[in-house]
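> What would the 3D arrangement of this be:
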Amino acid sequence: MERRGVAALRAATHAGALVPLIVLVVQFATDGLGANPIEAIQIHTGKTALNILLVSLACTPAYLLSGFAPLLSLRKPLGLYAFLYVGLHFANLVAVDYGFNLTLISRDALFVKRFMLAGVGAFVLLLPLAITSIDGLSGRLRGGWQYLRMLTYPAAVLAVVHFIWQAKIDLRLPLVYAGILAALLAFRVPPVSGFFRRRLEWRGRVS
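Numbers count the residues shown, from 1 in each chain. Just a heads-up that it's a prediction; the model follows:
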């Protein structure tokens, strides 16, 4: 693909990741969040964060299947957008819903709403990734950045667990997300990833 095409793909990625935020801002400004705006914001930011996180994890499998290398460059910005929505999700809970009442948050997380623990765990795992994604810091880490990036996998697992535990009764949609995540993680298993990488090398030699 020409440079213009790659640039258009990246621009579309940024635009697509920002659309949910724009929609949320417009709904907030026009009182379109319904009778419980705090809950609406929480659901909107949470699902958007999980969607973008899964899309970022899909970049590598998509590359292994297609051989289209520019897809790999989308992982970092998508990961940062996922963290943006996770941060908004977390801030809405702590600051708006609980009014920074850490005692009440701790009580609910430990005894009432266990899904909060999984959500906080995902946030904590994504935080160092977001901080070290700054070019200067990631450059200093060198090869260590690749290992740190693997925190995305347990963070995604905790995010799905958070969704499942929160759903309680109707687990159909959370289980769909769990299935998608399992398929995406399967591409990281060495025998599977090795097979597709060898296939790409073979295609490169014969093309």
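
> contacts, neighbours, all on C-alpha from now
OK.

> Just after the one helix or strand V25 maps to, pick out the following helix or strand.
Assigning secondary structure by DSSP states H and E places V25 in helix 3-29. Secondary structure here is assigned by DSSP H and E; on that basis, the next helix or strand after helix 3-29 toward the C-terminus is helix 37-66.

> Okay, buried residues for that next one please.
Neighbour-count burial for helix 37-66 flags 40-42, 44-50, 52-64 (criterion: 16 or more other Cα atoms under 10 Å).

> elements contacting it?
The helices and strands touching helix 37-66, judged by 3 or more Cα pairs under 8 Å, 6 or more residues apart in numbering; DSSP states H and E, are helix 3-29, helix 75-91, helix 152-167, helix 172-186, helix 190-206.

> List the buried residues of the helix holding V25.
Of the residues in helix 3-29, those scored as buried under the neighbour-count criterion (16+ other Cα under 10 Å) are 10, 17, 20-21, 24.

> wait, what's in contact with I41?
With Cα atoms under 8 Å, 6 or more residues apart in numbering as the criterion, the residues that contact I41 are 24, 33, 89, 92.

> now do P20
Contact criterion Cα under 8 Å, 6+ apart gives T48 as the residues in contact with P20.

> buried residues in stretch 174-184?
Buried residues in stretch 174-184, counting neighbours by 16+ other Cα under 10 Å, are found at 174, 177-178, 181, 184.

> Restricting the selection to alpha carbons, write it to CSV.
The C-alpha coordinates for stretch 174-184 follow below in CSV (Å, rounded to 0.1, in the frame of the first residue of the first chain):
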residue,chain,number,x,y,z
PRO,A,174,-19.6,-11.1,27.9
LEU,A,175,-19.0,-14.7,26.8
VAL,A,176,-18.9,-13.5,23.2
TYR,A,177,-16.1,-11.1,24.2
ALA,A,178,-14.4,-13.9,26.1
GLY,A,179,-14.5,-16.1,23.0
ILE,A,180,-13.0,-13.3,20.9
LEU,A,181,-10.3,-12.7,23.4
ALA,A,182,-9.5,-16.4,23.6
ALA,A,183,-9.1,-16.5,19.8
LEU,A,184,-6.9,-13.5,19.7
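
> what's the offset of it from the middle of its chain?
Using Cα atoms, centre = their mean, to the nearest Å, the mean C-alpha position of stretch 174-184 is found 13 Å from that of the whole chain.
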